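*Asks:* Please find the sequence and the predicted model below.
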Amino acid sequence: MKDIYVLLVEDNPGDAELTRQALASSRLSIDLAVVDDGEKALQYLRREGRYGDVTRPDLLLLDLNLPKLSGEEVLRELKTDPELRSLPVVILTSSEAETEISRCYAEGANCYVVKPVEFSSFLDAVSAIERFWFSVASLSRRDSPVAKTRKRGPGRK
């Protein structure tokens, strides 16, 4: 049974596959879902339409350069939604622009990671994200009515 849920919003199939490989090598049980545009991301997170029965993720990995709605637009929507604003959001993108980094933090991003170009460095970056968010940080349990205040229970990392 999968224990940790991650939603990756990424329109580049190669980057999505690299992220999948990095998380698959984890010692943790991670269930990774992938959507390829901003509209699908919001539908998934709000459990609309075909995403009506999905489990809300514990962490969102969000690219900025997306079709339909940009990553910044998705972030803005999430952080103004009372049901979703506590979801940790890691921006995982190729942009190193200081203005984008600043805007994302101002909009409520929890972390901003520039995708390394080199294969092994990309895998290392995703592994570092996984280690921090699921071994170091304490996250709220998804779907809990008291999710904003409750820490993960015994056996959860």
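*Replies:* Perfect, thanks for sending it. All values reported here derive from a predicted model rather than from experimental measurement. Residues are numbered from 1 along each chain as shown.

*Asks:* from here on, contacts and neighbour counts on C-alpha atoms
*Replies:* Fine.

*Asks:* quick one: low-confidence ranges for the protein?
*Replies:* By pLDDT under 70, the weakly predicted segments of the chain are 1-2, 141-157.

*Asks:* what about the residue nearest the centre of it, which SS state?
*Replies:* Compute the mean C-alpha point of the chain, and by CA atoms, centre = their mean the closest residue is Leu60, 1.5 Å away. Under the three-state scheme (DSSP: H, G, I helix; E, B strand; the rest coil), Leu60 adopts strand.

*Asks:* same deal with Ala125?
*Replies:* helix.

*Asks:* burial count for it?
*Replies:* Ala125 is flanked by 18 other residues according to other CA atoms under 10 Å.

*Asks:* The residue nearest to the centre of the chain reaches Leu8, doesn't it?
*Replies:* Yes. Using CA atoms under 8 Å, Leu60 is in contact with Leu8, at 6.1 Å.

*Asks:* In contact with Leu8, which residues?
*Replies:* Neighbouring residues of Leu8 by CA atoms under 8 Å, 6 or more residues apart in numbering: 16, 32-35, 60-62.

*Asks:* Now Leu42: phi and psi?
*Replies:* With angles defined as degrees, to the nearest 10, Leu42 sits at phi -70, psi -40.

*Asks:* can you check Val74 too?
*Replies:* Reported as degrees, to the nearest 10, the phi and psi values for Val74 are phi -60, psi -50.

*Asks:* What's the local residue count around the closest residue to it other than its chain neighbours?
*Replies:* Spatial nearest neighbour of Val74, excluding adjacent residues (CA to CA, 6 or more residues apart in numbering): Gly38 at 6.0 Å. When counting by other CA under 10 Å, one arrives at 26 neighbours for Gly38.

*Asks:* hang on, isn't Glu130 packed against Leu23?
*Replies:* Yes. Judged on CA under 8 Å, Glu130 makes contact with Leu23 at a distance of 7.2 Å.

*Asks:* Among those two, which residue is more densely surrounded?
*Replies:* Taking other CA under 10 Å, Glu130 and Leu23 do not tie; Leu23 has more neighbours (22 against 19).

*Asks:* What strand or helix carries that one?
*Replies:* Leu23 belongs to helix 13-24 when elements are defined using DSSP states H and E.

*Asks:* Pull the CA coordinates from that helix and hand them back as PDB.
*Replies:* C-alpha atoms of helix 13-24 as PDB (Å, rounded to 0.1, in the frame of the first residue of the first chain):
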ATOM      1  CA  PRO A  13       7.600  13.800 -20.500                       C
ATOM      2  CA  GLY A  14      11.400  13.400 -20.000                       C
ATOM      3  CA  ASP A  15      11.500  15.400 -16.800                       C
ATOM      4  CA  ALA A  16       8.400  13.600 -15.600                       C
ATOM      5  CA  GLU A  17      10.200  10.300 -16.200                       C
ATOM      6  CA  LEU A  18      13.400  11.500 -14.400                       C
ATOM      7  CA  THR A  19      11.300  12.500 -11.400                       C
ATOM      8  CA  ARG A  20       9.500   9.200 -11.400                       C
ATOM      9  CA  GLN A  21      12.900   7.400 -11.500                       C
ATOM     10  CA  ALA A  22      14.300   9.500  -8.600                       C
ATOM     11  CA  LEU A  23      11.300   8.900  -6.400                       C
ATOM     12  CA  ALA A  24      11.100   5.200  -7.300                       C
END
